[in-house]
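>>> I need the structure of the sequence given here:
(2 chains)
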Protein chains: 2
Amino acid sequence: MTQTPNINRRIVLAQRPNGLPDKNTLRLETTDIPKVSSGQMLLRTVYLSLDPYMRGRMNDAKSYAEPVKIGDVMTGQVVAQVVSSDLDGFVPGDYVLSGSGWQDYAISDGTEVINLGQPPQNPSWSLGILGMPGYTAYAGLLKIGDPKPGDTVVVAAASGPVGATVGQIAKIKGCRVVGIAGGADKCAHVTDRLGFDACIDHTSDNFAEHLNAACPDGIDVYFENVGGKVLYAVLPLLNEFARMPVCGVVSWYNLAGLPDGPDYGPAIMGTILRMKVKVQGFIIFDSFPQSTYKDFVRDMTGWLADGNVQYKEQIIQGLEAAPAALNDLLVGKNFGKMVVKVG
Amino acid sequence: MTQTPNINRRIVLAQRPNGLPDKNTLRLETTDIPKVSSGQMLLRTVYLSLDPYMRGRMNDAKSYAEPVKIGDVMTGQVVAQVVSSDLDGFVPGDYVLSGSGWQDYAISDGTEVINLGQPPQNPSWSLGILGMPGYTAYAGLLKIGDPKPGDTVVVAAASGPVGATVGQIAKIKGCRVVGIAGGADKCAHVTDRLGFDACIDHTSDNFAEHLNAACPDGIDVYFENVGGKVLYAVLPLLNEFARMPVCGVVSWYNLAGLPDGPDYGPAIMGTILRMKVKVQGFIIFDSFPQSTYKDFVRDMTGWLADGNVQYKEQIIQGLEAAPAALNDLLVGKNFGKMVVKVG
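You can find the predicted model right below:
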């Protein structure tokens, strides 16, 4: 079933998952297309972004954002096109960036909607390298990671949209950059296409030894996307005054409870103490001033034009394929930024 | 055997401990009193400071400081008196602050020695409230913890020299202050004498529930001295943008390896991520600019004079009692700042 002008397909949270989402977690529904009132516009989704944070919103846990309620449309950023508008500044045909969620059509009053204008060259890039993941990489690395020329920067999930961007910016800043990714194909992409100095396959035997060998001067910045065994291999290599921006811990998002031991708490906290490490969690939407966003747009636009930053997408066809694709993302089966072509 | 003018008693690291230090870890030796050469002075130890960091120096582990070598005198700050001097600025009888270590006499060329002049009113305070522990509390709380009026500040090891000072400064800054200490006596001291708003006994049943009840608005600053179950009870209570200066993890210093599970790594890192927490380890000697030290001396001298800061010491008699006293400190049997009266 594809997108049509008469029916709204939407994917709602049917029940909270215990571990990895399964067939009972999300439900595809159809509804009428909502009617536009005064001061509103109707948006038609073109691309839906899939991101690891979505797993967190399925939990009913204390967090920076409200959980998705049972029965509500799953949250998500989309690139949409304006179908009809009773709103100044938006005309039919405009491309916009919006939080419409996992559905074909949505009503908006313009709040937190960015008008991209007539079709941009790469509309989906607003969900990736020129959007939230790109800005996350930029601000997290530069404002928390504070990389200096000659520093060793280690990036987890190095072939993903955030990690790939972190590493390329770190190269621009004169750092030695070591990526971590799952599998030989991803690692080859990270070194050959993205220009990292090295990439370590975390699925290989002796992963920790390989990482150690790739970081002869220790680690000054670790950009944390994954947690788990990757974090635990990084800890003994951290240098004095190392910085660790914490952007995600995707390998742990599907835990139903604390995993079996040993308890790495003493290793984490002891390393922070002895090596005077700064570890800081951040959420792109509220951790940085507006001026940082302007710097990002200027710098990233330039780097893309110059070819200093490369960008890889994995396009999924159809809204109905989104749930399985999210699961792939959560277990590292994606390769590049995952975007669903909805309409 | 007490201090004499003719023999130097010293305590050396005999072997590295596996867990809590035992009778084979440290060894009392006697030597001749070292001879003063040109440009040197002879110091006689009056007070030796006992501090949790000393356990870390017994390990042969990557850390901010070199481990003590086998056979070397145990490291430690002392208040000493100048016996003889061939050094400008130091005359016999002067009281000094020095890193002489666990021994009666030491030769110094004046490097990193602070001259306290003629006997100060409370010479041993230079090892505590007016010295390293006091400055640790001051700088860690104010520069990393960044407490705002109305914030809830939770302090582990609240009756110890660092924790007691952290809490009293936080009260001066207008915060709600909740201490954590072991036992009813310590807790009574913390609330009644030091003026904390509450103190939770971590040895009680339902410790985590009691802590939760004492922090109805969550926790904005957690000053980490201990790790372990106290940290794990704090994690679920941390507010958005909470700050956690990491000064010590004393409950873990005697671990011979990682403890049994479950693994709290996901809880630590997940909380840092979701709540955008900043966790930062620091060592007082190299994490702050000189101006912070000057601010500390000015502020703390004033607070002590005004009675806004109270200070409690536990004086141990005799160098030979130091090893057992350090073990007491490591398991929380001390009450106040532990200082050994050596001579």
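
>>> hey, let's count contacts and neighbours off CA atoms from now on
Will do.

>>> for the residue of chain A found nearest chain B, which non-adjacent residue is closest in space?
Across chain A, the shortest distance to chain B (C-alpha to the nearest C-alpha) belongs to A:G261, at 3.3 Å. Spatial nearest neighbour of A:G261, excluding adjacent residues (C-alpha to C-alpha, 6 or more residues apart in numbering or on different chains): B:G261 at 3.3 Å.

>>> wait, isn't that neighbour in contact with A:G265?
No - the pair B:G261 / A:G265 is not scored as a contact, 9.6 Å apart, by C-alpha atoms under 8 Å.

>>> who has more neighbours out of those two?
A:G265 (25 against 14; other C-alpha atoms under 10 Å in any protein chain shown).

>>> and the residue lying closest to A:Q15 once chain neighbours are set aside, how close does it get to A:D51?
Leaving aside its chain neighbours, A:Q15 sits nearest to A:T25 (5.0 Å; criterion: C-alpha to C-alpha, 6+ apart). For A:T25, the distance to A:D51 (C-alpha to C-alpha, to the nearest Å) stands at 17 Å.

>>> these two: which has the busier surroundings?
Taking neighbours as other C-alpha under 10 Å, A:T25 and A:D51 compare with A:D51 leading, 20 against 17.

>>> name the residues of chain A found near chain B, please.
Residues of chain A lying close to chain B (C-alpha under 8 Å from any C-alpha of the partner chain) are A:62-64, A:227-228, A:240, A:246-249, A:252, A:258-270, A:272-283.

>>> at 6 Å what do you get?
By C-alpha under 6 Å from any C-alpha of the partner chain, the residues of chain A that approach chain B are A:63-64, A:246, A:258-265, A:272-282.

>>> now the residues you listed: which count as buried?
When the residues of chain A next to chain B are checked for burial by 16 or more other C-alpha atoms under 10 Å in any protein chain shown, the buried set is A:63-64, A:246, A:263-265, A:272-282.

>>> mark which of these are part of strands, please.
Residues of these located in strands (DSSP state E): A:246, A:278-281.

>>> relative to the helix-or-strand element of chain A with minimal mean pLDDT, what are the paired strands and their orientations?
Using mean pLDDT, DSSP states H and E, the weakest-scoring helix or strand in chain A turns out to be strand A:114-117, at a mean of 88. Using DSSP bridges, strand A:114-117 pairs in its sheet with strand A:95-98 (antiparallel).

>>> quick one: mean pLDDT for the partner strand?
Strand A:95-98 carries an average pLDDT of 94.

>>> and it, how far out from the chain's middle?
Chain-centre distance of strand A:95-98: 18 Å, with C-alpha atoms, centre = their mean, to the nearest Å.

>>> what's the residue located most distally from the centre of chain A sitting at in phi/psi?
Most distant from the centre of chain A: A:S38, at 34.6 Å, with distances by C-alpha atoms, centre = their mean. The phi and psi torsions at A:S38 (degrees, to the nearest 10) take the values phi -60, psi 140.

>>> contacting residues for it?
The contact partners of A:S38, taken as C-alpha atoms under 6 Å, 6 or more residues apart in numbering or on different chains, are A:D86.

>>> what about 8 Å?
A:86-87 (C-alpha atoms under 8 Å, 6 or more residues apart in numbering or on different chains).
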